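[1] What follows is a predicted structure for the sequence shown.
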Amino acid sequence: MHSFVVLFKKELRGNVRTYRLLIVVAVFFVFGLGTPLLLKYLHALVPAEDAGIVIPEFTAVDAVKGFIDTVGQVGLIAAILVAMGVVARERETGTAAMTLSKPVGCGPFIAAKLAALALVFGIALAVGALGCYIYTVILFESLSASNFFLGILLAGLYLLVCLAVAVMYSSFFRNQLAAGALALVTLVVLAATAGLPVMADYSPGALLPWSQRVASGGGPDIWGALIVSMGVVVLTTIIGWQVFKRKEL
C-alpha cells in the first residue's frame, strides 16, 4: 500500500508538471460551456433560410444530452491519447526499469497510473459538468442538480472504463500507437455491444444513454451495465499487471 501511495503521488506530480491535468480540464471546460451556448444561439449562427432545414427549439434536456454525448466521444479520444503512453513510454525510455528496480511491484505501478489518470479526468469532468450545469440553468431552465450530477457520475464511470482499457494495452506494448489503436477498436466494439438485445442492459456502452436519462430527470435503471463496467475496470487492470510483469523492460 505504501508503494502505491508513493507512485500515485509521483504520477499526480507528473500530470501537473507536464500540463496534462490543465489540458484535459481545459478541454472538458470548453465543451461544458460550449454545448449549451451552441444550442441556445444556433438559430442566430445558422439562419433557417440559409440552412434549408428547420432547427428545433432546444431545451435544457438537449443541452445535457449534448454534453454527455461529447463526453462519450471527445472524452473517449482524450482518454486514449492520454493513457496509451503511460506505460509504453516509460518502457521505451527505460524509466519503468528504473522505477521497478526499487521495492515496487508491477501491480501498484499499473494501479497508480490508472488511479492518477482517473483523478485527472474526474476533476476535468467535474469542472466541465459544473460549467454545463450553470450555463444550462442560465440559458434554458432549472435542472435537478442531484439528477444531473448523478448522471455525470455514470458518464465518469464510462471514462474510467476507457482509461482502464487504454492503460491495459499500454502495458502490452512499447509502441504507443499500437496501444492506442487497439484501445480504440476495443472501446468501439464495447460501445457497439449496447445495440445487441442480449447486451443492452449489461454493456459499458449503455452507461452513456443511462447517464443521459438520469441527468435529464429519470429513466429505467440498468445496474447490470454498472456492475459489468466495474468488472471491466478490475479485469483490465489485473490483465495489464499480469502481462506487464512478464514483459522484458
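    Received, thanks.

[2] For Val195, which residues are in contact?
    You called it Val, but residue 195 is Gly. Gly205 (CB atoms under 8 Å, 6 or more residues apart in numbering). Using the backbone N, CA and C atoms, a C-beta is placed for each residue, glycine as well.

[3] Torsion angles phi and psi at it?
    phi -80, psi -10 (degrees, to the nearest 10).

[4] swap in the one 4 residues further on?
    In this entry, Met199 is assigned phi and psi values of phi -110, psi 0 (degrees, to the nearest 10).

[5] neighbours around it, how many?
    18 (other CB atoms under 10 Å).

[6] same deal with Val161?
    25.

[7] quick one: it from Gly75, how far?
    Using CB to CB, to the nearest Å, Val161 is found at 11 Å from Gly75.

[8] Ala166: how many residues sit nearby?
    Other residues close to Ala166 by other CB under 10 Å number 31.

[9] residue nearest the centroid of the chain?
    Leu159 (2.2 Å; CA atoms, centre = their mean).

[10] Starting from the helix or strand containing it, tell me the next helix or strand along the chain.
    Assigned by DSSP states H and E, Leu159 belongs to helix 145-172. Following helix 145-172 in sequence order, the next helix or strand is helix 176-192 (DSSP H and E).

[11] quick one: the helices in this protein?
    For the chain, helices defined by DSSP state H occupy the ranges 2-17, 20-40, 42-45, 48-51, 60-83, 88-93, 95-100, 106-139, 145-172, 176-192, 207-216, 223-244.

[12] where does this structure dip in pLDDT?
    Residues of the chain meeting the criterion pLDDT under 70: 43-55, 97, 100-101, 103-104, 247-249.

[13] Show the contacting residues for Cys132.
    31-33, 35-36, 63-64, 67.

[14] can you do 10 Å?
    Listed by CB atoms under 10 Å, 6 or more residues apart in numbering, the contact partners of Cys132 are 28-29, 31-37, 63-64, 66-68, 70-71, 143, 148, 152, 215.
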